[in-house]
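need coordinates for the below:
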Amino acid sequence: MSGRIRVAVGLALVLAATAAGILLWPDANGAEVETSATARTAMVPTETIEVTRRDLSEEVKLTGTVSHGEANSLPIDADGLVTSAPSQDDIVQPGDELIRIDDRPVTLAEGSVPLYRELRRIGRYEVDEAGDRLGLQEGEDVAQLQRFLLSKGFDDEERLEADGIFGITTERAVKAWQKDLGVPATGKVDRSQLVFVDGPRRVDAAPEVGMRFDQVTVGAVTPSIQLEVSSRQRPFFTEGTSVSIESDAGEAPGIVTELKRTTGADGSTRHAVTVEFVADAPAGLETTDVVSTRILAENVTTVPVRALVALAEGGWAVQVETDDRLQLTAVDLGTVVDGMAEIDGLDEGTLVVVPA
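Presented below is the predicted three-dimensional model:
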């Protein structure tokens with residue numbers, strides 16, 4: 001039996017006893033006390049219900065704001081006038097043309113390593129500033145470029161491999177791709193031509209056609225929900241907690257992916273919560289309600305709070321109907337929530353008398 005009782009439950013039950021028809025019994029001493037069922041019914045209208053077994057849970061419902069996360073600027077290193085641009089909320093994929101600057105396309109390619117250097121074939125006799133001979137460019141960024149070229153069909157007559165080494169075959173494939181785009185076939189790739197991204201992105205902001213290029217900012221494709229919760233509500237939103245997301249579009253499952261401590265405007269401790277959709281999110285959401293349910297007591301015997309009798313000497317009891325008499329039986333009280341009380345001392349299915 002759990003010893004957990006919500007704050008002030010004992011006081012609340014005593015104060016509610018008279019209003020609910022629960023009487024203070026004058027003599028129990030932990031033992032059973034009997035009285036006439038007819039006499040008791042005449043005093044307070046009653047009905048009979050069964051002791052049931054269930055989970056006792058508590059629910060919190062909060063309104064959150066739909067967000068696509070922090071918008072980040074893509075590392076495009078180009079200058080000129082925008083001649084073609086995506087619109088806000090467009091979803092762009094690796095392989096797509098993102099924007100045109102001076103009518104030259106900037107393309108997205110799949111990859112987690114940023115294009116931190118110009119990719120090109122190093123000449124046989126090239127040396128660095130110290131006079132040391134340079135070797136071939138190698139690395140995952142080269143392999144990402146090669147996989148991009150292969151996906152677009154530029155494979156140097158099936159000689160190109162994604163081996164991460166920028167050699168003559170890769171150079172020929174790059175030149176073929178550049179010719180297809182209608183740009184100078186230099187065989188070199190930099191951030192004015194290509195941007196590596198590790199998946200689809202949602203366009204947050206982009207310059208309009210005719211404007212000088214500044215930046216393109218993007219965010220996550222799938223929206224998340226941002227909540228602010230109090231310290232009391234924090235246990236309902238621990239990371240990994242399953243929640244229900246309610247909106248005009250219906251109800252959808254969600255999961256808490258982040259719980260971060262913050263400070264409110266009044267100096268109080270608050271917690272920033274991020275909730276993500278388990279499945280695809282409905283379009284056009286701006287605000288939603290998030291419902292989190294926490295089980296406080298699992299698979300316990302329960303009665304309605306109105307079935308409890310507060311004993312004058314302390315403790316609690318319920319009235320059990322036997323034949324034509326009422327039998328007062330002491331019980332241990334556990335968790336109380338939403339009008340239901342966890343008790344220990346009676347079996348599931350036992351008939352108890354409660355005020356009607």
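
quick one: stretch 319-327 to chain centroid distance?
51 Å (Cα atoms, centre = their mean, to the nearest Å).

let me see the mean pLDDT of that stretch.
Averaging pLDDT along stretch 319-327 gives 80.

so is the residue lying closest to Pro184 once chain neighbours are set aside in a helix, a strand, or just coil?
Spatial nearest neighbour of Pro184, excluding adjacent residues (Cβ to Cβ, 6 or more residues apart in numbering): Gln178 at 6.7 Å. From N, CA and C alone the C-beta is placed, and that goes for glycine too. Per DSSP: H, G, I helix; E, B strand; the rest coil, the local secondary structure of Gln178 is helix.

contact partners for Gln178?
If you count contacts by Cβ atoms under 8 Å, 6 or more residues apart in numbering, Gln178 has them with 184-187, 193.

from those residues, keep the buried residues only.
Buried by 16 or more other Cβ atoms under 10 Å: 185, 187, 193, out of the contacts of Gln178.

doesn't the first one belong to a strand?
No - following the definition three-state DSSP, Ala185 is coil and is not counted among the residues of a strand.

give me the pLDDT for it.
97.

that one: what's it in contact with?
174-176, 178-179.

could you save the buried ones among the contacts of Gln178 as CSV and add columns showing distance to Arg201?
Formatted as CSV, these follow (distance: Cβ to Cβ, whole Å):
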residue, distance to Arg201
Ala185, 28
Gly187, 28
Gln193, 18
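
show me the residue sitting in the middle of this structure in space.
Geometric centre of the chain, nearest residue: Val275, 2.2 Å, by Cα atoms, centre = their mean.

and it, how far from Asp141?
35 Å (Cβ to Cβ, to the nearest Å).

ditto for Leu108
From Leu108 over to Asp141 (counting by Cβ to Cβ), the distance is 15 Å.

and Thr329, how many residues sit next to it?
When neighbours are counted by other Cβ atoms under 10 Å, Thr329 registers 20.

next, the buried residues of the host helix or strand of Ile343.
According to DSSP states H and E, Ile343 maps onto strand 340-344. Neighbour-count burial for strand 340-344, counted by 16+ other Cβ under 10 Å, picks out 340-343.

now the helices for the chain?
Assigned by DSSP state H, the chain shows helices spanning 9-20, 37-43, 140-151, 168-181.

follow-up on the earlier one: among the contacts of Ala185, who's most crowded?
In terms of neighbours by other Cβ under 10 Å, the contacts of Ala185 top out with Val174 at 28 neighbours.

who's in contact with that one?
119, 145, 149, 154, 185, 187-189.

please repeat the previous calculation with a cut-off of 7 Å.
Val174 is in contact with 149, 187, 189, counting by Cβ atoms under 7 Å, 6 or more residues apart in numbering.

pLDDT wise, what is it at?
The model reports Val174 with a pLDDT of 98.

for it, give its distance to Val290.
48 Å.

check Lys179 too.
Applying Cβ to Cβ, the value for Lys179 to Val290 is 52 Å.

ditto for Ser67
In terms of Cβ to Cβ, Ser67 sits 13 Å off from Val290.

with neighbour numbers in mind, choose between these two.
Using other Cβ under 10 Å as the criterion, Ser67 and Val290 rank with Val290 on top: 24 against 15.

who's that one bridged to?
Leu62, Ile245 (DSSP bridges).

what sits against it?
With Cβ under 7 Å, 6+ apart, Val290 has these contacts: 62, 64, 225, 227, 243, 245, 254, 275.

closest to Asn72 out of the residues you listed?
Among the contacts of Val290, Ile225 lies closest to Asn72 (Cβ to Cβ), at 19.8 Å.

quick one: the closest one and Thr63 touch, right?
No - the pair Ile225 / Thr63 is not scored as a contact, 9.5 Å apart, by Cβ atoms under 7 Å.

now Tyr116: how far from Val229?
Distance from Tyr116 to Val229, by Cβ to Cβ: 40 Å.

coming back round to it: chain center to the strand holding Ile343, what's the gap?
Its chain's average C-alpha position is 33 Å from that of strand 340-344, according to Cα atoms, centre = their mean.

contacts for it, please.
Residues contacting strand 340-344 (Cβ under 7 Å, 6+ apart): 1-2, 56, 297, 300-305, 308, 331-335.

quick check, pLDDT for the closest residue to Leu56 other than its chain neighbours.
Closest residue to Leu56 apart from its sequence neighbours, by Cβ to Cβ, 6+ apart: Ala297 at 4.3 Å. Listed pLDDT for Ala297 reads 91.

now do the contacts for Ala297.
With contacts defined as Cβ under 7 Å, 6+ apart, the neighbours of Ala297 are 2, 55-56, 334-335, 342.

perfect, I'm done here.
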